[in-house]
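Colleague: quick check, what structure comes out for this input:
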Amino acid sequence: MKKTITTLALVTMSGSALAQSGLDIDRAYAAELRADANTRSSLLGSNAGSLDVEVFTQFRYSYNSRDEIAPGVALGDADTTVGFSTPRTQIRMSGGVEGTDITGHVSFDFGGAWDHGASSAGGAAFGDGGATLRDAYATWGLDDNWTFLFGQMKNPLHFESNVAPEHSQGVERSLTNSFFDVQYAQGIGFNYTDDEWKFTVVLSDGPVSQNTYYTSVAESDFSLTGRVDWLISGNWDQFADFASWQGSNDGFRVGAGVHWSQAGDTNPSLAPVDTATVTAWTVDAQYESDGWGLFFAYMSTNLDNDLLAGGSVDQTDDGLVFQGNVFMTEQFELFGRYDMIMIEDDPAAITPLAATDDDQYSTITIGFNYYLVPESYAARFSMDVAFGLDDSTGLDTRGFADAATTGYIGGAGAPTGIESDLMIRGQFSLLF
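Modeller: Predicted structure coming up:
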């Protein structure tokens, strides 16, 4: 009997000790995540002789209400859409080749719900629960600063695109980022990092060349992307996400990226287009302090098509993002975002707008994040409300990414001829 009581007492004390230490363990895990996030963002890795497996999943509920533009556009029951979704369910693996400085990275996504089951440029159907290959690249550390990259990786052009989804602000990245995102690329590159500068250059198959074969019409003949970041103050770990935990030091970073690609000079033909050229650039800045932060980005993309019959057509679209966040407690964070897409309305554009289409689309988003464990992305509840202020019809034929990524504009599979969207989203995300 005494042995039983003693055993129960030890078990009870052990349970209390484990509960007490749980927060410390999660804090340590959060610190590890932040340290690794910088590695993930800059496409570097160092797990020689081991295999790490990570799972990330999002469970979301969305409410979308839309207004009709003008008489004659009757949405009926289609003016409101509600439902659950799992936008991302990702399995990520990384491991090093023992005896070398080579690390491999592979990730699959079983979500992709925003693609509505349509086929991507790479021919993979998303939204059906099947595995879609995302990352499949290796990093080779040449010395303490230089790394060689090869395989399929996230194009380094836009900063917001390269922040891991668990580290992005709110329920989803900005609509403007989704519109201009050049997504994944297959190619080779070099990355340089020191205490003040980061520089990445990638020679690839061009925008939206994820999971494509070399004969695919989606691939460019030649594509070059470069990005540079300057750390003015703080440390790189601070800028692997958008949250600035209470007690954080001041930090300031500025960056810029440029992309150029051309297609049509090699098989397959783009007839009636002879050559298609994409030129894109972006500038951005981020400031973090004790429990609050700010982020700004401006981006532009020009498409220029030379026609087989002679002459050329082109169009330039621009966008901006401004967002801020503040922690009210160590676990509760408020955030707000304004972003705008400015579409060229020249009648001679490659995809001209109709006379009734707006040439800009603005979105205001406000919301909060609740981190179940302080300073940890392992479990987070997010909720936001987004207001689309303009007619979204013109966006449906523009941009690299599916315009319906964020869910509150027309986009593929949704009714056109709408304006004044209201989107309410709640999401729980897990990282383990």
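Colleague: so Ser178, which state does it fall into?
Modeller: Following DSSP: H, G, I helix; E, B strand; the rest coil, the label given to Ser178 is helix.
Colleague: tell me the pLDDT at Ser204?
Modeller: You'll see Ser204 listed with a pLDDT of 96.
Colleague: show me what it bridges to in the sheet.
Modeller: Ser204 forms beta bridges with Gly187, Ser223, as assigned by DSSP bridges.
Colleague: for it, what are its contacts?
Modeller: For Ser204, the contacting residues are Asn155, Ala185, Gln186, Gly187, Ile188, Gly189, Ser220, Ser223, Leu224, Thr225, by CB atoms under 8 Å, 6 or more residues apart in numbering. No exception for glycine: its C-beta is placed from N, CA and C like everyone else's.
Colleague: going along the chain, name the strands of the stretch 201-350 of the chain.
Modeller: 222-233, 251-263, 273-288, 292-307, 312-327, 332-342 (DSSP state E, counting those that start in this stretch).
Colleague: so which of the ones you listed gets nearest Thr363?
Modeller: Thr363 lies closest to strand 332-342 among those, at 5.3 Å (CB to CB).
Colleague: show me how to select, in ChimeraX, the buried members of the contacts of Ser204.
Modeller: Selection of buried members from these for ChimeraX, criterion 16 or more other CB atoms under 10 Å:
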select :155,185,186,187,189,220,223,224,225
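Colleague: point out the least confident one among the contacts of Ser204.
Modeller: Ala185 (90).
Colleague: C-alpha coordinates for the one helix or strand it maps to, CSV please?
Modeller: Using DSSP states H and E, Ala185 falls within strand 184-193. What follows is strand 184-193, C-alpha atoms only, in CSV (Å, rounded to 0.1, in the frame of the first residue of the first chain):
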residue,chain,number,x,y,z
TYR,A,184,8.3,28.3,-57.9
ALA,A,185,11.2,27.9,-60.4
GLN,A,186,13.4,25.1,-61.5
GLY,A,187,17.0,26.1,-61.8
ILE,A,188,20.4,26.8,-60.2
GLY,A,189,21.6,29.7,-58.1
PHE,A,190,24.0,31.2,-55.6
ASN,A,191,23.2,32.7,-52.2
TYR,A,192,25.6,35.0,-50.2
THR,A,193,24.9,35.8,-46.6
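Colleague: could you dump the contacts of Ser204 to a markdown table with distance to Tyr213?
Modeller: As requested, these are arranged in a markdown table below (distance: CB to CB, whole Å):
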| residue | distance to Tyr213 |
| --- | --- |
| Asn155 | 19 |
| Ala185 | 14 |
| Gln186 | 10 |
| Gly187 | 14 |
| Ile188 | 17 |
| Gly189 | 20 |
| Ser220 | 14 |
| Ser223 | 16 |
| Leu224 | 21 |
| Thr225 | 21 |
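Colleague: can you report how many residues lie near the closest residue to Phe332 other than its chain neighbours?
Modeller: Spatial nearest neighbour of Phe332, excluding adjacent residues (CB to CB, 6 or more residues apart in numbering): Tyr370 at 5.6 Å. Tyr370 has 14 neighbouring residues, counting by other CB atoms under 10 Å.
Colleague: for Tyr370, which residues are in contact?
Modeller: Counting by CB under 8 Å, 6+ apart, Tyr370 touches Gln331, Phe332, Glu333, Arg380, Phe381, Ser382.
Colleague: ok, longest strand in this structure?
Modeller: For the chain, the longest strand by residue count, based on DSSP state E, is strand 51-68.
Colleague: how about that strand: buried residues?
Modeller: Using 16+ other CB under 10 Å as the burial criterion, the residues of strand 51-68 that qualify are Glu54, Phe56, Thr57, Gln58, Phe59, Arg60, Ser62, Tyr63, Asn64, Arg66, Glu68.
Colleague: show me which pair in these is furthest apart.
Modeller: Greatest spatial distance in these: Glu54 and Glu68, 44.3 Å, computed using CB to CB.
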